[in-house]
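# Compute the structure for the input listed below.
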Amino acid sequence: MGSSSSRQLKVLVVGLDNSGKSTIISRMKAAEAPQEIPPTPGFQVEQFKKGKVDFTMFDMSGAGKYRNLWEFYYKNCQAIIFVVDSADKIRMCVAKNELETMLKSPELKPVPLLIYANKMDLPGAMNYAQVSEALGLATIADREWNIFPSNALSGEGIDEGVTWLTEKTKE
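Numbering: from 1, shown residues only. Now for the predicted structure:
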């Protein structure tokens, strides 16, 4: 395999329902603003190329009844993107619990974690430092992680996150 060929990167994209996961993936695939995206039932797989990386994104539904499916995709993923609705203060503790449960999995131990504090444009949205504190990110010591404020509709913060993730997953 030559050095000019692209590399594969399998990414698990998780977060509560309505946090903006599918919209963020659409934004990564195409530069223009995504159309109205319906909720993801179960999960969907999105594949696209960005730079020299062939991404496979496992877009997992965040609805309560589907969250137990996330763990079936842990084995094969090389990175995690966790999307949080920064304006959904009421469910921040639910997001924290889901994140903590997921990070306890031995299959995900070395895997880098990218958090998008999404919907920063909404009135009353927490800033990324507040989201970081609400999720308890400072206690994560067993992996590389980073949080990026984002707005999936405008694209703000999305590319910066992808760049960080691509750097952290180089073999």
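
# show me where pLDDT drops low in this structure?
1-4, 31-35, 171 (pLDDT under 70).

# which residues of it fall in helices?
21-29, 92-103, 128-135, 158-168 (DSSP state H).

# Pick the most deeply packed of those helices.
helix 21-29 (a mean of 23; mean count of other Cβ atoms under 10 Å). Any C-beta I mention is one placed from the backbone N, CA and C, and that applies to glycine too.

# any idea of the angle that helix forms with helix 158-168?
80 degrees (axes from the mean of the first three to the mean of the last three Cα atoms, to 10 degrees).

# Tell me which other helices or strands helix 21-29 touches.
Judged by 3 or more Cβ pairs under 8 Å, 6 or more residues apart in numbering; DSSP states H and E, helix 21-29 is in contact with strand 7-15, strand 43-50, strand 53-60, strand 79-85, helix 158-168.

# Distance to Lys29 for these - can I get that in a markdown table?
Formatted as a markdown table, these follow (distance: least, Cβ to Cβ, whole Å):
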| stretch | distance to Lys29 |
| --- | --- |
| strand 7-15 | 12 |
| strand 43-50 | 4 |
| strand 53-60 | 8 |
| strand 79-85 | 14 |
| helix 158-168 | 11 |
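
# and of the ones you listed, who's closest to Glu100?
Of all these, strand 79-85 sits nearest to Glu100, with 11.0 Å by Cβ to Cβ.

# That closest one to strand 7-15, inter-axis angle?
30 degrees.

# ok, and what's touching strand 79-85?
9-16, 18-21, 24, 57, 91-92, 95, 99, 102, 108, 111-119, 131, 135, 161, 165, 168-169 (Cβ atoms under 8 Å, 6 or more residues apart in numbering).

# Dump the helices of the chain to TSV, plus distance to Pro38.
As requested, the helices of the chain are exported to TSV (distance: least, Cβ to Cβ, whole Å):
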stretch	distance to Pro38
helix 21-29	8
helix 92-103	21
helix 128-135	25
helix 158-168	20
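
# Can you tell me which of the ones you listed is nearest to Ser61?
The nearest among those, by Cβ to Cβ, is helix 21-29 at 8.6 Å.

# residues making contact with the closest one?
By Cβ under 8 Å, 6+ apart, the list of residues contacting helix 21-29 reads 13-15, 33-35, 37, 40, 44, 46, 48, 50, 55, 57, 59-60, 62, 81, 83, 116, 118, 150, 152-153, 155, 158, 162.
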